[in-house]
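Novice: Model the structure of this input:
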Amino acid sequence: SALSRRAAHPGLSAARMAPLVRRASDSDDDELDVSEPVLRAVEKAANAVGSGVARVTEADVAVLAGVGVDDARRDLLALARLTGGELEVSGSGELLYSFKPGVRTELSRASSRAARRERWAIWQPRFARVARLGFGAALIASLAIVFTAITVLSASSSSNSSDDRKRSSNVYVGNFFNPLDLWYYSRPRYGYDRQSDRGGGMNFLEACFSFVFGDGDPNDLIEDQRWQLVGALIRQQGGAVTAEQLAPFLEPARLPADDGTADGGGMNVDESFVLPALTRFSGVPTVVEDDAGQTRIVYTFPELAATAVDAPYGRYGSDRDSAMVLSEEAVPFSAAAPEQLIGAGLLGAANLAGVLYLGRLLNVIQKAGGAAALAGSSVGLYGVATGLLPLLGAYAVLFVAAPVLRNFSRNKANASREERNTLRRAWASALTSRSPPLVRKLRAAAAVAPKVRRIASAAAAAAGVVGGRGTAEVARAPVEADDALESFDERLARRERQRTRDVK
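Specialist: You can find the predicted model right below:
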């Protein structure tokens, strides 16, 4: 019924009944937000046309953003409400969303949550850089504190000790100052690497952080890329694909059969690796027969069939061209230059040795009577060094142990990434080999494809403003208002019936 549709889709209710006017009292809207992938997809659609006006369907945004259709629908309704976007209904009952240029700016004005996200996107890299510099500076500070304390406390306590012990302490301390000289004389080389690609523009303090914690995972956006490629593949194939076409982008657990298919023509079919794609894009498994009468499973995606965007979805494994493959990059130990990593490692080791020696020295002084065994101003330094020793020790151990543990974990993860890449490449190779059984299966999929429908602006039959600060007319089609609303209901009902048949 119309009431149930309005309850399920508040944006449709607004377009159906009356334009929604966003007022200052609508405080709930301040915490509404739109995910960044959906916002980028709308901007990409706007950039594809000269006017800068984005006209998209839910399926367009799902494909361009790599998100589920339901997620795209929810975010588009929120974006339309917050920015005054228009909701249109095509002659076939498809919903289109139209957004004027500057949608990101308008969203930040309308939603305080979105504004905070934009501000964080600006300041987060600066905070991260300060943290990296601070961690590296802490190493230099730790070295200065540790070896200053060793020098002063050793000199002070030596007046109450033998000459042999004094000489031993002085020689030990002198050796520990050499790494500081290494850091000093190696600075010109780091300046040179800042201007090259080897160090990625990284100075020595940042290299210390990189040595310990690395520089992040280059595969952070791999999931977005995966689903964008899968969505583009489905669009390029007209809405129906096979497991063999999806495998180069997903995570198959085994190699393809000898004939290049997933099932090898047998009765036992295991194509469970496609389930994430079916769940995200509302796919439907369909049993078909190929030209040889062999039963095959193909996957149709009727909800991705409507588009209002002229997008270059590309060619993904349907022709004789080489199939694209989703490839995960190996995570490097660090993006810093080798000289920087050597310097950071030597200073970290020197800092740990210095902390251990300082702890031993403080223990000796404590057994000799503590502060009473010291002379002059070194009494205060003894108290400071004693208080800071746990913190200095934790930092020194972290600086040395974290890279070792991280490297072990990194090597294991990289091996898993390469294994997944090898399987995906094997499926892509089987796809391009185009064995006769695979060709027949691809043909069967093409025969049941729902085909992508291009929705033109002239096909819109009714429209309404879903959000905005002012009022807007509900008069886009050349019909009377009552007729337009009645037509709106009929087309929505037709769309729901079609979706129900597709699912069955």
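Novice: For the strand or helix carrying G383, name the packing helices and strands.
Specialist: Using DSSP states H and E, G383 sits in helix 378-433. Counting contacts by 3 or more C-beta pairs under 8 Å, 6 or more residues apart in numbering; DSSP states H and E, helix 378-433 packs against helix 112-157, helix 204-213, helix 243-246, helix 338-367. C-beta coordinates here come from the backbone N, C-alpha and C atoms, glycine included.
Novice: And those helices: which comes nearest R74?
Specialist: Comparison of the helices and strands packed on helix 378-433 against R74 by C-beta to C-beta identifies helix 112-157 as nearest, at 14.9 Å.
Novice: Report the beta-bridge partner residues of Y97.
Specialist: With DSSP bridges as the criterion, Y97 is bridged to V56, L87.
Novice: quick one on the thing from earlier: which one of the helices and strands packed on helix 378-433 is the most hemmed in?
Specialist: Highest mean neighbour count among the helices and strands packed on helix 378-433 (mean count of other C-beta atoms under 10 Å): helix 243-246, with a mean of 26.
Novice: What's the first helix or strand after that one?
Specialist: helix 275-281.
Novice: buried ones in that next one?
Specialist: Neighbour-count burial for helix 275-281, with 16 or more other C-beta atoms under 10 Å as criterion, is recorded at 276-278, 280-281.
Novice: ok and the helix holding G383 relative to helix 204-213, angle-wise?
Specialist: Counting by axes from the mean of the first three to the mean of the last three C-alpha atoms, to 10 degrees, helix 378-433 lies at 70 degrees to helix 204-213.
Novice: still on that earlier bit, reformat the helices and strands packed on helix 378-433 as TSV; add distance to P285 and mean pLDDT.
Specialist: Compiled in TSV, the helices and strands packed on helix 378-433 are given as follows (distance: least, C-beta to C-beta, whole Å; pLDDT from 0 to 100):
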stretch	distance to P285	mean pLDDT
helix 112-157	38	92
helix 204-213	44	96
helix 243-246	10	95
helix 338-367	51	93
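Novice: quick one: low-confidence ranges for this structure?
Specialist: Scanning the chain for pLDDT under 70 picks out the ranges 1-31, 50-51, 157-200, 265-268, 310-323, 370-378, 456-504.
Novice: List the contacts of L358.
Specialist: Applying C-beta atoms under 8 Å, 6 or more residues apart in numbering, one finds that L358 lies in contact with 146, 149-150, 385, 389, 392.
Novice: leaving aside the residues next to it on the chain, what's closest to V38?
Specialist: Leaving aside its chain neighbours, V38 sits nearest to D75 (4.1 Å; criterion: C-beta to C-beta, 6 or more residues apart in numbering).
Novice: where's that neighbour relative to F408, distance?
Specialist: Distance, D75 to F408, using C-beta to C-beta, to the nearest Å: 40 Å.
Novice: Please say which of the two ends up with more neighbours.
Specialist: Between D75 and F408, counting by other C-beta atoms under 10 Å, D75 is the more crowded of the two (24 against 10).
Novice: which residues does that one contact?
Specialist: 34-35, 38, 61, 67.
Novice: between these, which is closest to C208?
Specialist: Once C-beta to C-beta is applied, the member of the contacts of D75 that ends up nearest C208 is S35, at 35.2 Å.
Novice: Hmm, the closest one is touching D71, no?
Specialist: Yes: using C-beta atoms under 8 Å, S35 is in contact with D71, at 7.3 Å.
Novice: ok, back up a step: just checking, which of the contacts of D75 belong to helices?
Specialist: 38, 61 (DSSP state H).
Novice: Would you mind checking which of the contacts of D75 is nearest to N47?
Specialist: Nearest member of the contacts of D75 to N47, counting by C-beta to C-beta, is V61, at 14.2 Å.
Novice: Count the residues that sit near the closest one.
Specialist: Using other C-beta under 10 Å: V61 sits among 30 other residues.
Novice: What is the burial count for A253?
Specialist: Based on other C-beta under 10 Å, the number of other residues close to A253 is 9.
Novice: which ones are touching the nearest residue to it once chain neighbours are set aside?
Specialist: Distances taken as C-beta to C-beta, 6+ apart place F273 nearest to A253, at 6.4 Å, with adjacent residues excluded. Applying C-beta under 8 Å, 6+ apart, one finds that F273 lies in contact with 243, 246-247, 250-253.
Novice: Which pair of these spans the longest distance?
Specialist: Pairwise over these, using C-beta to C-beta, the maximum falls at L246 and A253, 13.6 Å.
Novice: now the strand or helix carrying D70 against helix 112-157, angle please.
Specialist: Using DSSP H and E, D70 sits within helix 69-83. Relative orientation of helix 69-83 and helix 112-157, computed by the same axes, to 10 degrees: 100 degrees.
Novice: got the buried residues for helix 69-83?
Specialist: Those would be 69, 71-83, for helix 69-83 by 16+ other C-beta under 10 Å.
Novice: Repeat that for stretch 282-302.
Specialist: Residues of stretch 282-302 classed as buried under the neighbour-count rule (16+ other C-beta under 10 Å) are 282-284, 288, 290, 296-302.
Novice: For those, please prepare CSV with the additional fields distance to L107 and secondary structure.
Specialist: Output for the buried residues of stretch 282-302, formatted as CSV (distance: C-beta to C-beta, whole Å; DSSP: H, G, I helix; E, B strand; the rest coil):
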residue, distance to L107, secondary structure
S282, 26, coil
G283, 31, coil
V284, 34, strand
V288, 44, strand
D290, 48, coil
R296, 45, strand
I297, 42, strand
V298, 39, strand
Y299, 34, strand
T300, 34, strand
F301, 29, coil
P302, 30, helix
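Novice: Quick one: those as a markdown table, columns for distance to D220 too.
Specialist: Shown next, in a markdown table, are the buried residues of stretch 282-302 (distance: C-beta to C-beta, whole Å):
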| residue | distance to D220 |
| --- | --- |
| S282 | 26 |
| G283 | 26 |
| V284 | 31 |
| V288 | 38 |
| D290 | 40 |
| R296 | 37 |
| I297 | 33 |
| V298 | 33 |
| Y299 | 28 |
| T300 | 32 |
| F301 | 27 |
| P302 | 32 |
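Novice: Would you point out the most distant pair within those residues?
Specialist: So, the buried residues of stretch 282-302 by C-beta to C-beta: farthest apart are S282 and D290, at 24.8 Å.
Novice: quick one on the thing from earlier: now, among the contacts of L358, which is nearest to G343?
Specialist: V146 (17.5 Å).
Novice: got the contact list for that closest one?
Specialist: 351, 354-355, 358, 392.
Novice: Widest-spaced pair of these?
Specialist: Across those (C-beta to C-beta), the longest gap, 10.3 Å, separates N351 and L358.
Novice: what's the closest non-adjacent residue to F333?
Specialist: N407 (6.0 Å).
Novice: Same check on G68?
Specialist: If the residues on either side of it in the chain are set aside, G68 comes closest to R280, at 4.7 Å by C-beta to C-beta, 6+ apart.
Novice: residues contacting the closest residue to F399 other than its chain neighbours?
Specialist: Closest residue to F399 apart from its sequence neighbours, by C-beta to C-beta, 6+ apart: G348 at 4.2 Å. Contacts for G348 (C-beta under 8 Å, 6+ apart) come out as 139, 208, 211-212, 396, 399-400.
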